[in-house]
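>>> coords please:
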Amino acid sequence: MDVLKNRFIYLSISWFFLLISLFMLAFWKLNLAIDMTGWINIEYTYEWTIDIDWIRNMLYKEKDLILFNDKKVINNVWIYSITWEKAFSIVAWFDSTINEVNLSKLKLDFKNKIFEVLKQTNSTIIETKYTNIWKSFWDYIRNTAILTLVIAILAITIYVTYAFSWVIWGVSVISFAMITLITLFHDVIISAWLYIISWYFFKDFQIDTFFVTALLTILGYSINDTIVIFDRIRDNLKKFGWKTWKNWKDLYEIINLSINETLKRSIYTSLTLFFVLLTIFVFGPVSIAWFILAMMFGTIIGTYSSIFIASPILYQVNKSKKLSVYKKVVVNQDDKIVV
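Numbers count the residues shown, from 1 in each chain. Predicted coordinates for the structure are as follows:
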């Protein structure tokens, strides 16, 4: 498979989707989850059977009755069952522009009203937990997430620079690190864009702390796949990069060879992970479905970028450079350990 032959097509596709992703993230109104805004979370237990759909419809009606200055203050409500327990949770997020005193009162009014209606339909329902979070929590989460992403990307870049230093002559060590940085940025941004697009099909999916966690996990998976291919390129450069060697190959051949040698491994590993994630997404708890969806997108994009983006960019950056003889490591035979 000659991946480098169509490298400009792959790079153009990624560049196109990257621009769209950046535009949407910058200018579209993001569907923030309750932990990103002012919100409440109420948990209940029960003994008798409950009708989740009925409760959901009741919530939609009651939320419209909570007003402040004749305006609705509840943006949305959501209900989900707690797996393997006779319990369910109701979450609702409010207009965070309202001052804290009035907003706190509105939240309590909503909580009391909901509990009153639930008790009338099922007397065994008991409120077990009430959590009230302010918008300042989202500000903290956002700033921490950005800082964490930046630190993670910088740490990965430094690691790649160190891991590939003093090994390859004729191919820039810095290029390995910078290309890794580019592909990580590519994977995170496009995965986030695909997640945004999914809102048209899954209205409940929102940006929350699970989403931030998924982005960090995508970084780890993406770098793993990219490093595997880069490491094979490094080994093949050492093996075939000498012009005096009878099996000498140029950089184009070496990179294509390395991709093909790791192609099955990358695809099989990614498919295995994807099917596991898909199973959890379909049959797993609703509370982590958003995280799993983001991971599924990251798996697809990370695999694509490792094969069709990272390696072609590596070739473009170094194609005009001359490969030179590599520094040989002298091994002392007396140091060998026989097991």
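
>>> can you show me the strands along the stretch 1-150 of the chain?
Assigned by DSSP state E, counting those that start in this stretch, the stretch 1-150 of the chain shows strands spanning 39-45, 67-68, 71-72, 74-81, 87-94, 126-133.

>>> separation between residue 173 and residue 180?
Applying C-beta to C-beta, to the nearest Å, the value for residue 173 to residue 180 is 11 Å. All C-beta atoms are positioned from the backbone trio N, CA, C, and that covers glycine.

>>> equivalent analysis for residue 269, please.
Residue 269 is 18 Å from residue 180, where distance means C-beta to C-beta.

>>> between these two, which is the more surrounded one?
Set side by side, residue 269 and residue 180 show more neighbours around residue 180, with 25 against 17, by other C-beta atoms under 10 Å.

>>> tell me the SS of the more buried one?
At residue 180, secondary structure determined by DSSP: H, G, I helix; E, B strand; the rest coil is helix.

>>> isn't it right next to residue 229, touching?
No: if you go by C-beta atoms under 8 Å, residue 180 and residue 229 don't touch, sitting 10.8 Å apart.

>>> anything in contact with each of the two?
Both residue 180 and residue 229 are in contact with residue 310, where contact means C-beta atoms under 8 Å, 6 or more residues apart in numbering.

>>> tell me the domain ranges of this structure?
4-30+137-318, 39-133 (automatic domain parsing).

>>> can you put these in CSV and add mean pLDDT?
CSV is the format used below for the domains of the chain (pLDDT from 0 to 100):
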stretch, mean pLDDT
domain 4-30+137-318, 82
domain 39-133, 87
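
>>> identify, out of the ones you listed, the most deeply packed stretch.
Mean neighbours per residue, mean count of other C-beta atoms under 10 Å, is largest over these for domain 4-30+137-318, with a mean of 17.

>>> ok now it, how far from the chain's centre?
Here domain 4-30+137-318 is found 11 Å from its chain centre; the criterion is C-alpha atoms, centre = their mean, to the nearest Å.

>>> same check on stretch 64-81?
That offset, for stretch 64-81, works out to 30 Å (C-alpha atoms, centre = their mean).

>>> what about the helices in the stretch 101-250 of the chain?
Along the stretch 101-250 of the chain, counting by DSSP state H, counting those that start in this stretch, helices occupy 135-163, 173-197, 209-240.

>>> quick one: closest of those helices to residue 263.
helix 209-240 (8.9 Å; C-beta to C-beta).

>>> now the angle from that closest one to helix 135-163?
For helix 209-240 against helix 135-163, the angle by axes from the mean of the first three to the mean of the last three C-alpha atoms, to 10 degrees is 10 degrees.
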